[in-house]
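Asks: Okay, here's the prediction I keep looking at, along with the sequence it came from:
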Amino acid sequence: MEYFLELVFSGLTRGSIYALIALGYTMVYGIIGLINFAHGEIYMIGAFTALIIATVLNMYGLPLPAILILASVAAIIWSAAYGFTVERLAYRPLRGAPRLSPLISAIGMSIFLQNYVMLAQTPNFLPFPALIPDLPFLNRFTSMVGTTDLAILLVTAIVMILLTLMIKFTRTGKAMRATSQDRTMAFLVGVNVDTVISVTFITGSSLAAIGGVLIASHIGQINFYIGFIAGIKAFTAAVLGGIGSIPGAVLGSFVLGLTESFATGYVSSAYEDVFAFSLLVLILIFRPAGLLGRATIEKV
Amino acid sequence: MDVITLKDCRKALIAALWFMFLTFPLLVIKVNTTENLVIWRWHNLLYVGVAAGSASLLTSIFRGLHDRKREQQRHQEKVIHISLTERFFSNPVVSRPVLAAGALFFLIFPLLFSTYQVNIMTTALMYVVLGLGLNIVVGVAGLLNLGYVAFYAVGAYTYALLNMHFGVGFWVALPLGGIMAALFGILLGFPVLRLRGDYLAIVTLGFGEIILLVLKNWAEFSQGPGGISNISRPGFFGMEMSMATTLNYQYYLTIAMVLLTIFVINRLQNSRIGRALFALREDEIACQAMGIDKTTIKLTAFALGATWAGLAGVLFAAKNAYVNPDSFTFLESAMILCIVVLGGMGSIVGVIIGALILILLPEYLRAFSDYRMLAFGALLVIMMVFRPQGIVANIRRSYHKKDSAP
Amino acid sequence: MTKTAKLFSLIAAVAMVIAAAHPSLAATPIKIGVAGAHSGDLASYGLPTLKGAQLVVKDVNAKGGVKGSPIELVLVDDQCKPEAAANLATKLVSDGVKAVVGHICSGPTKAALPIYRDAKIVAIAPSATTPELTQSGEYKLFFRTIASDDRQARTMVDFILNKLAAKKVAILHDKGDYGLGLANYSKQFIEESKQAEVVLFEGITVGQVDFSAVIQKIKRSNADVVIFGGYHPEASKLVSQMRKKRINTTFVSDDGIKDEAFIKVAGKDAEGVYATGPTDTSQNPITLEYREKFKKLEGTDPGSFFDNGVAATLAIINALEKAKSFDAEDVAAALRSEKVDTPFGEISFDEHGDPVGIGFNMFVVKDGHYHTAE
């Protein structure tokens, strides 16, 4: 039973990270129908920015909580800036272009950003400082849930609630929902579609940055390539839940995280990805629009 | 009208400042947490500022000139806009000698260049086959496939395994590789029949990953990550060949393969199946309403595309005499997709040009080794922004009645 | 003087200056290929060898080269991809190299060796460890300055059974050629010894965001010792996450983690980790000399396989010097018969091409450094 619970927790930790990245995919897809392949790279840039700022601040001898907060804020700011810029440079000029062109542009952007970080910093793995303090009073549970796992679960939960509130109740949130339902119609009723798209990219990138900081302090090292696998997995999670649907992305992420965890725990970690992708295929056979996706009715 | 207005300058200044801000942490500060070193590289900030500012100015000038040209055109008579490529192909007086020269160049290529050049050209030509195969699925039928490399792997491993266990030769394995890949194409086709657009993309991606993982993990079957070495190279009536001859032979073999692919696909596009595929891409519902069986046609598309990947896979295994799972990663699928889209979806000439550029360019850019992939990524973005339809836009075949003037 | 005459005298003068500055122009240089990952995600394994070869060649050329001819290096970057390696091997062949230092990874080496064999070129790899490369006997012209996987696994398993007295062993690997090879040999040796039991055998996914599920599995298996086959990034993730979950199982790994980078990344979690590696020769004058030169040039300590790269280059240059001719057969014979001083001490090669004279030991991390384990 304890083993089962341990696996549940490790699945939830993984799921939380996937969720933070998957939300960026699903929001962008919901609004402009683009698979933003460069999104994993934004997550990587978030982690790198946090690492750089934290190292510099550490040299000036700031206390750990201050470093944690400032580094996370910096990660969010710069990831958002990169997300915004990527959209302006690589996707905005391509609205109305053939459907696959923005996808290639996104793949190009992803390759570019990876190599940019590699050349600007280093191809080697860098140790990431333990920004999240190890809390001694948790020792009793820590074999089951580490401090960083708890922090990841907690932060993800808070971020999800905030995001839901934003989308449900703010003006921007409403504009986002309107744009995702029908871009032309939203434009006609006075929604500034360009701004909404920018805001979507900024929000998604900020979430990815939070994910980047959390996972980097959890595994303790980063390099320029970490965005790739995380990005593919998060994208899978978003599709599993029904791409375009925000609760879907979260649900999909947890389903994926738990599946991988149980596959590792009860079968073999060598085949965890096989289980993850087979589950995806199975779910899509029975629910072609994902778990919570709306099946669109085609009108002729 | 000035070439550069004050507004452009302001825009350039903003762009410069923005990029200086954007690249500040990553380009200026270099941390080495293993050595606890922080290096400040303020000069980079200056470079970024200058580069971003001038890039912005150049785009403004370019756009200004473009707009003015369009303005002038509007005042003149309405000119029917025909693209350069279209004019090129519709005029046999120009196109035939050029095509003939191209064919001659490829024919005598091994006589002109070193074995290394021949070798990478062979690789590039293999990607032409792969690109044309994927073009059937993505360009013609409009089904986005992100796991195309799985079929390539099936072909390569079919030959590698048959050769290892039973000593099967290249010529027997070639059709078998194609057939195996086609079977896998149908296998993948069945579950994804109901899926559309990006759901299809992710399932094909997952399929590619599954094949890769099985090849990596199931060592009893595939020899695992160690791969299979000493695969026989293609024979020519049992002749003993030196290395240079073998490479040249492989080159001509690949050329033959490319020609066969072009021939088949060209015929296919004008066939009943080809037109059904086009119809599927344009409008699935209308296509069904016309009495086309959607299931069969989708499966055909997958199987046809996969066949070429399988054939290319056999060629690949024979050329390298060694296969391991590392050659069949997602990046490879992405590369083939880039070939198709960059070249121009649905266009045969476009795909050929795309493959040659995308495969040869990184090889010749090796001189700049470090910046090679950076430049490659940037090129993909720039290309898409300025020419989203690809290098050679596909020309829709139009049918005219004999008596009406075209 | 007429204009033409002026021009001619100018050209002549320039040519003389160039000729004086480069006395080497007189003799045709001997080309040696250096092949490996010089860019991409595995560049950190290939670049040290490249730099090592460059440093050695600089010294040799300063002393007048080999048999009076200078050495010229031809650098090719295979990014550890087999298909690139096959293409680049033909490039090296058509460039007319006399020998190749490389490749770095085993997969590309397997892809390139048939081409070198057919073209009759000697290849000497600093870090390709797959046993079949030498033991299959197919590549008579192939040598390496690193011990093969089975020898490494043997050292590791003997140590675990005799010194650590382990009864239950968990084996993990990174599903790569190198890691899986080691894991398989370790498993085989442990099972043959009948002194211990393999309680877990798992492959992990490189680059995965989190390893907690597999760590819970290690915990449940009650293993005394974890063997990991793979490289240091994954090893440090595993160790750190194990220690975070208060699992103090002894962690034993391979040459791929015997790198200061592992200790720097894993920090205090690295303490007590065991790794196999070539016998400590850090006090050897050649080792010190080249490490010092590297540090002067790059400002950092050289990374993995630097010593192996230096040794490979020294060995091949020595063989070219001593061989009767530059024919591959003669060079290979010289590699087998002539002893050469390298960072690992005096070495030569056996009939398969494996090094003789490179000892293999276990190391343990203590106070932030590797020390020979007793």
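Replies: Thanks, I have the structure now. Numbers count the residues shown, from 1 in each chain, chains lettered A, B, ... in the order given.
Asks: Please make it C-alpha for all contacts and neighbour counts, starting now.
Replies: Will do.
Asks: Now do the host helix or strand of A:Ala157: everything it contacts.
Replies: According to DSSP states H and E, A:Ala157 maps onto helix A:147-169. With C-alpha atoms under 8 Å, 6 or more residues apart in numbering or on different chains as the test, helix A:147-169 has contacts from A:10, A:12-13, A:16-17, A:19-20, A:132-135, A:138, A:172-174, A:176-177, A:207, A:214-215, A:217-218.
Asks: pull the CA atoms of the helix or strand where A:Phe235 lies into CSV?
Replies: Per DSSP H and E, A:Phe235 falls inside helix A:226-241. Presented in CSV, the C-alpha positions along helix A:226-241 are these (Å, rounded to 0.1, in the frame of the first residue of the first chain):
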residue,chain,number,x,y,z
ILE,A,226,15.9,19.8,-21.1
GLY,A,227,13.0,21.5,-22.9
PHE,A,228,12.7,19.0,-25.7
ILE,A,229,11.5,15.8,-23.8
ALA,A,230,9.5,17.8,-21.3
GLY,A,231,7.9,19.7,-24.2
ILE,A,232,6.9,16.5,-26.1
LYS,A,233,5.5,14.9,-23.0
ALA,A,234,3.5,18.0,-22.1
PHE,A,235,2.2,18.3,-25.6
THR,A,236,1.1,14.6,-25.4
ALA,A,237,-0.7,15.4,-22.1
ALA,A,238,-2.4,18.4,-23.7
VAL,A,239,-3.7,16.3,-26.6
LEU,A,240,-4.7,13.5,-24.2
GLY,A,241,-6.9,15.8,-22.3
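Asks: Now do that helix: which elements does it pack against?
Replies: Applying 3 or more C-alpha pairs under 8 Å, 6 or more residues apart in numbering or on different chains; DSSP states H and E, we find helix A:226-241 packed against helix A:2-32, helix A:39-59, helix A:246-262, helix A:272-286, helix B:197-217.
Asks: at 7 Å instead, please
Replies: If contacts are counted by 3 or more C-alpha pairs under 7 Å, 6 or more residues apart in numbering or on different chains; DSSP states H and E, helix A:226-241 sits against helix A:2-32, helix A:39-59, helix A:246-262.
Asks: Report the mean per-residue pLDDT for it.
Replies: Mean pLDDT, helix A:226-241: 88.
Asks: got it, and stretch A:175-184?
Replies: Stretch A:175-184 shows a mean pLDDT of 88.
Asks: Could you check which residue of the stretch 251-400 of chain B lies nearest chain C?
Replies: In the stretch 251-400 of chain B, the residue that lies nearest chain C is B:Tyr322 (5.4 Å; C-alpha to the nearest C-alpha).
Asks: from memory that residue sits against B:Gly226, does it?
Replies: No. B:Tyr322 lies out of contact with B:Gly226 (C-alpha atoms under 7 Å); the separation is 10.0 Å.
Asks: between these two, which one's more packed in?
Replies: B:Tyr322 (27 against 23; other C-alpha atoms under 10 Å in any protein chain shown).
Asks: Spatially nearest residue to that one (excluding sequence neighbours)?
Replies: Using C-alpha to C-alpha, 6 or more residues apart in numbering or on different chains and skipping the chain neighbours, the partner closest in space to B:Tyr322 is B:Ser229 (4.3 Å).
Asks: for that neighbour, what are its contacts?
Replies: By C-alpha atoms under 7 Å, 6 or more residues apart in numbering or on different chains, the contact list for B:Ser229 reads B:321-323, C:110.
Asks: Spit out the contact partners of B:Leu99.
Replies: When the contact criterion is C-alpha under 7 Å, 6+ apart, B:Leu99 has no partners at all.
Asks: now B:Leu304
Replies: The contact partners of B:Leu304, by C-alpha under 7 Å, 6+ apart, come to B:Ala182.
Asks: Now the helix or strand containing it: buried residues?
Replies: Using DSSP H and E, B:Leu304 maps to helix B:294-320. Residues of helix B:294-320 classed as buried: B:294, B:297-320 (neighbour count, 16 or more other C-alpha atoms under 10 Å in any protein chain shown).
Asks: after the worst-scoring helix or strand of chain B on mean pLDDT, next one along is what?
Replies: One helix or strand of chain B scores below all others by mean pLDDT, DSSP states H and E: helix B:84-90, with a mean of 64. Using DSSP H and E, the helix or strand that follows helix B:84-90 towards the C-terminus is helix B:92-112.
Asks: And that next one, what's buried?
Replies: By 16+ other C-alpha under 10 Å, the buried positions in helix B:92-112 come out as B:109-110.
Asks: Which of the three states applies to the residue lying closest to A:Tyr116 once chain neighbours are set aside?
Replies: Nearest residue to A:Tyr116 in three dimensions, chain neighbours excluded: B:Leu374, at 6.4 Å (C-alpha to C-alpha, 6+ apart). The assignment at B:Leu374 comes out as helix when based on DSSP: H, G, I helix; E, B strand; the rest coil.
Asks: Please name the residues that touch B:Leu374.
Replies: Residues in contact with B:Leu374 (C-alpha under 7 Å, 6+ apart) are A:111-112, A:115-116.
Asks: Out of those residues, name the two that are farthest from one another.
Replies: For the contacts of B:Leu374, the maximum inter-member distance is 8.5 Å, found between A:Ile111 and A:Tyr116 (C-alpha to C-alpha).
Asks: tell me the phi and psi of the residue of the stretch 251-400 of chain B closest to chain C?
Replies: phi -160, psi 130 (degrees, to the nearest 10).
Asks: now it: how far from A:Ser253?
Replies: From B:Tyr322 across to A:Ser253, the span is 38 Å (C-alpha to C-alpha, to the nearest Å).
Asks: likewise B:Ala55?
Replies: Counting by C-alpha to C-alpha, the gap from B:Ala55 to A:Ser253 is 40 Å.
Asks: What of C:Pro48?
Replies: Distance from C:Pro48 to A:Ser253, by C-alpha to C-alpha: 40 Å.
Asks: can you give me the mean pLDDT across the helix holding A:Ala157?
Replies: 89.
Asks: More neighbours: C:Pro48 and A:Ser253, which one.
Replies: Just comparing C:Pro48 and A:Ser253: by other C-alpha under 10 Å the higher neighbour count belongs to A:Ser253, 33 against 23.
Asks: Thought A:Phe235 was touching that one, still the case?
Replies: No. Because the distance of 9.1 Å does not satisfy C-alpha under 7 Å, A:Ser253 is recorded as not touching A:Phe235.
Asks: Now do the helices in the stretch 1-150 of chain B.
Replies: Ranges of helices within the stretch 1-150 of chain B are B:6-22, B:42-75, B:84-90, B:92-112, B:115-135, B:149-166, based on DSSP state H, counting those that start in this stretch.
Asks: any idea where the helices of the stretch 1-150 of chain C begin and end?
Replies: Using DSSP H, counting those that start in this stretch, helices in the stretch 1-150 of chain C cover C:3-21, C:43-62, C:82-95, C:106-119, C:132-135, C:149-158.
Asks: do you know which of these lies nearest chain A?
Replies: helix C:43-62 (6.5 Å).
Asks: what's the offset of that closest one from the middle of its chain?
Replies: Mean-position distance between helix C:43-62 and its chain equals 12 Å (C-alpha atoms, centre = their mean, to the nearest Å).
Asks: so does it get close to chain B?
Replies: No. Judged by C-alpha under 7 Å from any C-alpha of the partner chain, helix C:43-62 stays clear of chain B, getting no closer than 10.5 Å.
Asks: Great, nothing more from me.
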